[in-house]
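**Q** The following block contains a protein sequence and its predicted model.
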Amino acid sequence: QVQLVESGGGLVQAGGSLRLSCTASGRAFNSFTMGWFRQAPGKEREFVGRISWSGIITYYADSVKGRFTISRDNSKNTIYLQMNSLKPEDTADYYCAASTSLREGYEYWGQGTQVTVSS
């Protein structure tokens, strides 16, 4: 089992920045591809980006490319989502997730952290 806990959400003005963290406990963290997702009120969950187990490969949704950066510190069992140039449409609950095989999807999910961007 893996437990994921997100933190760092909050209220920020448009154009501002936030950094979310996701800390894992349980199974070997560095064996997982880690992803970030978000869900806005009344909308479906949306993929934000992911990072390989090594941290070398990242992939982002077009909606956040160039503004968001995912990184990881395997020594701290933690991944980060640096969000810059935030827009009101980035308002959502943000979730991290862990996958041992992207073909199988993400097996473990955190409880989410809320991000609100005011205009």
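**A** Sure thing, it's come through.
**Q** Now do the most centrally placed residue in the chain, the pLDDT please.
**A** Per Cα atoms, centre = their mean, the C-alpha nearest to the average position across the chain is that of Trp36, at 2.8 Å. Trp36 carries a pLDDT value of 98.
**Q** who touches it in this structure?
**A** 20, 22, 48-50, 68, 70, 79, 81, 94-97 (Cβ atoms under 8 Å, 6 or more residues apart in numbering). For glycine as for every other residue, the C-beta is placed from the backbone atoms N, C-alpha and C.
**Q** low pLDDT regions in this structure?
**A** Counting by pLDDT under 70, not a single residue of the chain qualifies.
**Q** Can you report phi and psi for Asn30?
**A** When quoted as degrees, to the nearest 10, the phi and psi of Asn30 stand at phi -80, psi 10.
**Q** Pretty sure it sits against Ser75.
**A** No. With contact defined as Cβ atoms under 8 Å, Asn30 does not reach Ser75; the gap is 9.1 Å.
**Q** quick one, which of those two is more surrounded?
**A** Between Asn30 and Ser75, counting by other Cβ atoms under 10 Å, Asn30 is the more crowded of the two (13 against 8).
**Q** In contact with the more buried one, which residues?
**A** Trp53, Ser54, Asn74.
**Q** From Phe68, how far out is the spatially closest residue to the last one that is not a sequence neighbour?
**A** Put plainly, it is Asn74. Spatially, and ignoring its direct neighbours in sequence, Asn74 is nearest to Asn30 (4.3 Å; Cβ to Cβ, 6 or more residues apart in numbering). Separation of Asn30 from Phe68 (Cβ to Cβ, to the nearest Å): 22 Å.
**Q** Ok, Gly42 next?
**A** 22 Å.
**Q** Of the two, which one has the most company?
**A** Phe68 (21 against 5).
**Q** bridging residues for the more buried one?
**A** Note on Phe68: beta-bridge partners by DSSP bridges are Met83.
**Q** Kindly report the same for the one 5 residues further on.
**A** When assigned by DSSP bridges, Asp73 has beta-bridge partners Thr78.
**Q** Tell me how many other residues crowd it.
**A** By other Cβ under 10 Å, the residues close to Asp73 number 13.
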